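A.B. asks: no FASTA, just this:
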């Protein structure tokens, strides 16, 4: 009976999201449909499918970490309630959603000209941010294991560089995907855009981090759908199909080679080594690798990780308001407040975040090891069933507002903002709309607000220049008269 319950409750969110997607497609709301499509794929591949797999595999991995099927069933009941609350709130609060429009020629519209410069600025900033790791030596295991340590910048320059990386990192990829996909952009800029996407993919491959390639492929598919470029979508899908069989190799054998043999070397050499190792033998037959299906099941650990969060709350170790509190005062620079709590954490370190706790408590993993959790599981950890329902409804309202606001932005800028919202917590590589509340607040402060201010500053500056030019023309006319 528990197995049947798991199959049903894991399929229910997929059906609900599929229904919302069908409504969006019927309404011709492509931006809303793209986001719901991403969420549906995320739910299907990383939540529903692993549950079905584990039911027919006799809960193999769950037994390894002592999670009974009953706990997994509670997680999926919570996920169903969370998605239902999201869907009801998302559908009930109807806001006017402007259709995306890309028809205005930028040469005739000064505002669209500024927005085009805004996209170019994001791309160049992204090229600088993403190229830095490519030209740095391969880091050793000791460096990687400290990736979550909080480092207080020693200068305001270091603080600004850190903010820049966090602000333009993902939006620059969205801008690059737009410029590369749309033929109307100048060829030199399309080449630069291709360079940005190729750079982030190369950095990911050189370090065995598969999610970077997933980002690039996902963005090209989504942007291709939004601007109706089917060839781009098809090409991106082909790349993903070709890349997928090698994902287990990158995260297994090559990851071991990366830390044991490549430390201090160049990224280019690491990419060459990855290619040669992959071509020399079948990736799924290497001793450190699993088959693609089995490896994917092991990686899609959100449901079983969330069972640990349920147990923490039930044992009176719930998070309460702590994770959200850190997100609320995120804009305060750490140079001013060095001991401020990180967003999502229950203490003054990043290791108090759910993504670290579940690995440490459930798998006896090292403190620096992290894994994905469900937004519903995170909400239950914070406040039980009542907060789970409230958080689901809040998420639905949040996204309804975000989609409506993004769709009102003319040209392609709305896509940048909306997909940046969808990158709030990309720990498992796929975009979605279902994130913990703290992550949604975090992305507003860290990404949306700075980008909106930059865009407003560019429009204000352009307006001043136009006013000065107009004043100069009027003075010239008066002088001639």
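C.D. replies: Okay, I see it. This is a predicted model, so every value here is computed, not measured. Numbers count the residues shown, from 1 in each chain.
A.B. asks: so where's the protein uncertain?
C.D. replies: Counting by pLDDT under 70, the low-confidence segments of the chain come to 94-109, 281-295, 469-481.
A.B. asks: again, only this time at 50
C.D. replies: Where the chain drops to pLDDT under 50, the residues are 104, 283-289, 473-474, 476-481.
A.B. asks: residue closest to the middle of it?
C.D. replies: residue 423 (2.7 Å; C-alpha atoms, centre = their mean).
A.B. asks: Assess the claim that it and residue 431 are in contact.
C.D. replies: Yes - between residue 423 and residue 431 there is a contact under C-beta atoms under 8 Å: 6.2 Å. Bear in mind the C-beta positions are built from the backbone N, C-alpha and C, glycine included.
A.B. asks: Can you check which residues contact both of the two?
C.D. replies: With contacts defined as C-beta atoms under 8 Å, 6 or more residues apart in numbering, no residue is adjacent to both residue 423 and residue 431.
A.B. asks: Make sure I have this right: the residue nearest to the centre of the chain is in a strand.
C.D. replies: No - assignment of residue 423 by DSSP: H, G, I helix; E, B strand; the rest coil gives coil, placing it outside any strand.
A.B. asks: list the contacts for it?
C.D. replies: 170, 431, 443, 447.
A.B. asks: Give me the nearest residue to the third one, chain neighbours excluded.
C.D. replies: The shortest distance from residue 443 to any non-neighbouring residue, by C-beta to C-beta, 6 or more residues apart in numbering, is to residue 424 (4.2 Å).
A.B. asks: Distance check, that neighbour against residue 215.
C.D. replies: Counting by C-beta to C-beta, to the nearest Å, the gap from residue 424 to residue 215 is 14 Å.
A.B. asks: One more: residue 453?
C.D. replies: Noted for residue 453: a distance of 25 Å to residue 215, by C-beta to C-beta.
A.B. asks: can you check residue 259 too?
C.D. replies: 23 Å.
A.B. asks: Which one's more surrounded, the two?
C.D. replies: Set residue 259 next to residue 215 and count neighbours by other C-beta atoms under 10 Å: residue 215 wins out with 22 against 18.
A.B. asks: Please report the residue range of the longest helix in this protein.
C.D. replies: Ranked by residue count and defined by DSSP state H, the top helix of the chain is helix 375-408.
A.B. asks: in that helix, what's buried?
C.D. replies: Neighbour counts over helix 375-408 (16 or more other C-beta atoms under 10 Å) mark 375-383, 387-396, 398-400, 402-407 as buried.
A.B. asks: same thing with stretch 221-234?
C.D. replies: Buried residues in stretch 221-234, counting neighbours by 16+ other C-beta under 10 Å, are found at 221, 222, 223, 224, 225, 226, 227, 229, 232, 233.
A.B. asks: For that stretch, what is the distance to the chain centroid?
C.D. replies: Offset of stretch 221-234 from its chain centre (C-alpha atoms, centre = their mean, to the nearest Å): 19 Å.
A.B. asks: now swap in stretch 65-75 and tell me
C.D. replies: Centroid separation for stretch 65-75 versus its chain: 27 Å, with C-alpha atoms, centre = their mean.
A.B. asks: before we move on, what about stretch 73-80?
C.D. replies: 23 Å.
A.B. asks: going forward can the numbers begin at 44, since that is how I track them
C.D. replies: Got it, the first residue is 44 from now on, which makes the last one we talked about stretch 116-123.
A.B. asks: Can you give the contact residues for that stretch?
C.D. replies: 45, 48-49, 52-53, 55-56, 90, 94, 346-347, 349-350, 353, 417, 419-420, 423, 428, 431.
A.B. asks: can you rerun that using 6 Å?
C.D. replies: With contacts defined as C-beta atoms under 6 Å, 6 or more residues apart in numbering, stretch 116-123 is touched by 45, 48-49, 52-53, 55-56, 346, 349-350, 353, 417, 419, 423, 431.
A.B. asks: List only buried entries from these.
C.D. replies: Buried members of those, scored by 16+ other C-beta under 10 Å, are 48-49, 52-53, 55-56, 346, 349-350, 353, 417, 419, 423, 431.
A.B. asks: So which of the residues you listed sit within helices?
C.D. replies: Counted as lying in helices by DSSP H, out of the buried ones among the contacts of stretch 116-123, are 48-49, 52-53, 55-56, 346, 349-350, 353, 419, 423, 431.
A.B. asks: could you redo the buried residues of stretch 264-277 as JSON lines and give each row secondary structure and distance to residue 124?
C.D. replies: Output for those, formatted as JSON lines (DSSP: H, G, I helix; E, B strand; the rest coil; distance: C-beta to C-beta, whole Å):
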{"residue": "264", "secondary structure": "helix", "distance to residue 124": "30"}
{"residue": "265", "secondary structure": "helix", "distance to residue 124": "28"}
{"residue": "266", "secondary structure": "helix", "distance to residue 124": "33"}
{"residue": "267", "secondary structure": "helix", "distance to residue 124": "34"}
{"residue": "268", "secondary structure": "helix", "distance to residue 124": "30"}
{"residue": "269", "secondary structure": "helix", "distance to residue 124": "31"}
{"residue": "270", "secondary structure": "coil", "distance to residue 124": "36"}
{"residue": "272", "secondary structure": "coil", "distance to residue 124": "38"}
{"residue": "275", "secondary structure": "helix", "distance to residue 124": "38"}
{"residue": "276", "secondary structure": "helix", "distance to residue 124": "34"}
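A.B. asks: Out of the residues you listed, the closest to residue 381 would be?
C.D. replies: Using C-beta to C-beta, the shortest approach to residue 381 within the buried residues of stretch 264-277 belongs to residue 265, at 38.6 Å.
A.B. asks: Please name the residues that touch the closest one.
C.D. replies: Applying C-beta under 6 Å, 6+ apart, we find residue 265 in contact with residue 77.
A.B. asks: so how far is residue 104 from it?
C.D. replies: Using C-beta to C-beta, we find residue 265 at a distance of 31 Å from residue 104.
A.B. asks: got it, and residue 257?
C.D. replies: Per C-beta to C-beta, residue 257 is found 22 Å from residue 104.
A.B. asks: The two: which has the busier surroundings?
C.D. replies: Higher neighbour count among residue 257 and residue 104: residue 257, with 21 against 17, using other C-beta under 10 Å.
A.B. asks: The more buried one - that's part of a helix, no?
C.D. replies: Yes - under three-state DSSP, residue 257 sits within a helix.
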